[in-house]
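S.K.: With the input below, show me the fold.
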Amino acid sequence: MRVAFVHDWLVTYAGAERVLEQMLFVYPEASVYTLVDFLPKNSRSFLGNSPVHTSFLQKLPFARRKYRSYLPLMPLAVEQFDLSDYDLVISSSHAVAKGVLTGPDQVHICMCYSPIRYAWDLQHQYLRESGITRGIKSMLARGLLHYVRIWDTRTASGVDYFISISNFIARRVRKTYGRNSTVIYPPVDTDAFLLNSNTRDDFYITCSRMVPYKRIDLIVDAFSRLMPEKKLIVVGDGPEFPKIKGLAGPNIMLLGKAPFSELVEYLGRAKGFIFAAEEDFGIAPLEAQSCGTPVIAYGKGGALETVIGIESDQPTGFFFYEQSAEALAQAITGFEKSIEKITAENCRRNALRFSILRFRREFQKFASNLFREGCS
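M.R.: Below is the predicted model of the structure:
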């Protein structure tokens with residue numbers, strides 16, 4: 001069986017690349033196709049020996065830093081990949097990868113992290129955050145996103161089978177494309193985030209790339225303004241770092257991009273992990289639970305599937321249901337009153353449901369069965 005993976009772009013080793021890494025473990029001889037490949041040398045080992053093929057976008061001016069600006073050309077670029085030599089095509093898609101062209105004798109499985117967020121239900125949020133809600137730029141952006149939606153809907157018919165990374169995304173796939181999908185949760189490296197059963201230190205932690213939808217500003221504001229007596233450690237960097245630094249009070253320690261060993265140490269010692277984003281899945285809360293650390297999470301999106309609320313028999317965290325500093329502060333008060341109900345062992349046990357081995361087993365079984373079915 002000849003297998004090809006189509007990945008949106010290779011510029012960093014993040015959540016989608018972790019999933020691609022494990023899919024390549026199942027099919028190590030597969031080829032990889034991607035719009036652009038600017039991965040640093042020290043981040044390429046997960047690709048193994050797989051050859052990487054790029055599109056014409058790779059050679060366009062300023063593509064390394066401005067590849068997202070070529071969104072109008074991405075549908076055309078992904079359709080130029082010639083995959084006619086492959087039996088099984090697996091698109092690893094949160095943007096345009098699923099739009100690759102395949103034939104009737106090929107099986108196309110889409111590992112869908114989400115339909116294109118900024119073209120569908122998050123369009124208005126994207127335009128606000130980009131500062132283009134009015135004027136000619138806004139009109140052009142809205143016209144482009146309208147075109148992308150038409151293309152995105154049309155190309156969904158070229159996918160034989162959808163995999164969604166959560167039930168939350170499965171609902172989005174159903175609403176966007178009118179297609180059912182099978183849920184296979186992404187892999188969590190529970191062997192790297194080991195259980196710490198020792199007494200917890202008196203601080204909270206959050207870890208994220210600092211971009212608007214992660215709502216690190218909300219977390220920092222809550223601790224600075226409403227809970228100055230509580231200590232918070234923030235791990236991560238990104239374009240919002242200056243803003244976050246301006247909000248941080250003396251009770252908040254900003255570590256930036258900390259070494260992995262330091263992150264694991266802090267996760268294992270923290271009283272709780274704070275998570276305020278509406279995520280498609282969200283690996284960070286599971287990495288915290290893998291260390292035995294409870295999670296205080298915004299109760300929407302993927303967190304509802306990865307964190308077990310305080311009302312359950314074996315809880316692993318506490319939810320708040322409004323993205324506001326006040327709601328988070330109230331949740332932390334409730335969490336501290338109920339903390340005896342949450343054990344490190346239950347947190348670890350919950351995280352193990354999302355292990356790497358589990359993902360490999362489910363993905364291989366799904367792909368193999370559907371390939372045989374598609375060829376029969």
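S.K.: contacts for stretch 231-251?
M.R.: Defining contact as CB atoms under 8 Å, 6 or more residues apart in numbering, one finds that stretch 231-251 is touched by 202-212, 214, 216-217, 219-221, 223-225, 227-230, 252-258, 263, 266, 270, 274. For glycine as for every other residue, the C-beta is placed from the backbone atoms N, C-alpha and C.
S.K.: no, scratch that, I was asking about stretch 134-144
M.R.: 71-72, 123, 127, 130, 132.
S.K.: same thing with stretch 60-76?
M.R.: 9, 11, 35-36, 38, 57, 77, 95-96, 99, 144, 147-148, 151, 155.
S.K.: Then stretch 287-295?
M.R.: 188-190, 193-197, 200, 205, 264, 267-268, 270-275, 285, 303, 306-307, 315-318, 335, 339, 342, 344-345, 347-348, 350-352.
S.K.: From the chain's centre, how far out is that stretch? Work that out for me.
M.R.: Put simply, stretch 287-295 sits 18 Å off its chain's centre (CA atoms, centre = their mean, to the nearest Å).
S.K.: Likewise for stretch 25-32?
M.R.: 22 Å.
S.K.: Using CSV, write down the CA coordinates of that stretch.
M.R.: Coordinates of each C-alpha in stretch 25-32 appear next as CSV, following Å, rounded to 0.1, in the frame of the first residue of the first chain:
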residue,chain,number,x,y,z
PHE,A,25,5.0,6.0,13.0
VAL,A,26,2.1,3.8,11.6
TYR,A,27,3.2,4.4,8.0
PRO,A,28,6.9,5.2,8.1
GLU,A,29,7.4,4.7,4.4
ALA,A,30,4.9,7.4,3.5
SER,A,31,5.6,10.6,1.6
VAL,A,32,4.7,14.0,3.0
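S.K.: residues contacting Asp217?
M.R.: 240, 243-244, 247 are the contacts of Asp217 under CB under 8 Å, 6+ apart.
S.K.: show me what contacts Ser181?
M.R.: 112, 161-164, 169-170, 173-174.
S.K.: would you list the residues you listed in CSV and tack on secondary structure?
M.R.: Formatted as CSV, the contacts of Ser181 follow (DSSP: H, G, I helix; E, B strand; the rest coil):
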residue, secondary structure
Cys112, strand
Tyr161, strand
Phe162, strand
Ile163, strand
Ser164, strand
Ile169, helix
Ala170, helix
Val173, helix
Arg174, helix
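S.K.: Please check those residues and keep the buried ones.
M.R.: Among the contacts of Ser181, those buried by neighbour count (16 or more other CB atoms under 10 Å) are 112, 161-164, 169-170, 173.
S.K.: Those: which two are farthest apart?
M.R.: Tyr161 and Ile169 (14.6 Å; CB to CB).
S.K.: name the helices or strands packed onto the helix or strand bottoming out on mean pLDDT in the chain?
M.R.: Between all helices and strands in the chain, the lowest mean by mean pLDDT, DSSP states H and E belongs to helix 123-130, at a mean of 81. Contacts defined by 3 or more CB pairs under 8 Å, 6 or more residues apart in numbering; DSSP states H and E place helix 123-130 against helix 135-155.
S.K.: So which bits of the helix it packs on are buried?
M.R.: Within helix 135-155, the residues scored as buried using 16+ other CB under 10 Å are 141, 145, 148-149, 151-152, 155.
S.K.: Check the offset of it from the chain's centre.
M.R.: Per CA atoms, centre = their mean, the centroid offset for helix 135-155 relative to its chain is 24 Å.
S.K.: That helix - what's its average pLDDT?
M.R.: Taken as a whole, helix 135-155 has an average pLDDT of 91.
S.K.: cool, stretch 181-201 as well?
M.R.: 92.
S.K.: Put together TSV for the buried residues of helix 135-155, with distance to Glu17 on each row.
M.R.: Shown next, in TSV, are those (distance: CB to CB, whole Å):
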residue	distance to Glu17
Ala141	28
Leu145	25
Val148	23
Arg149	26
Trp151	25
Asp152	22
Thr155	22
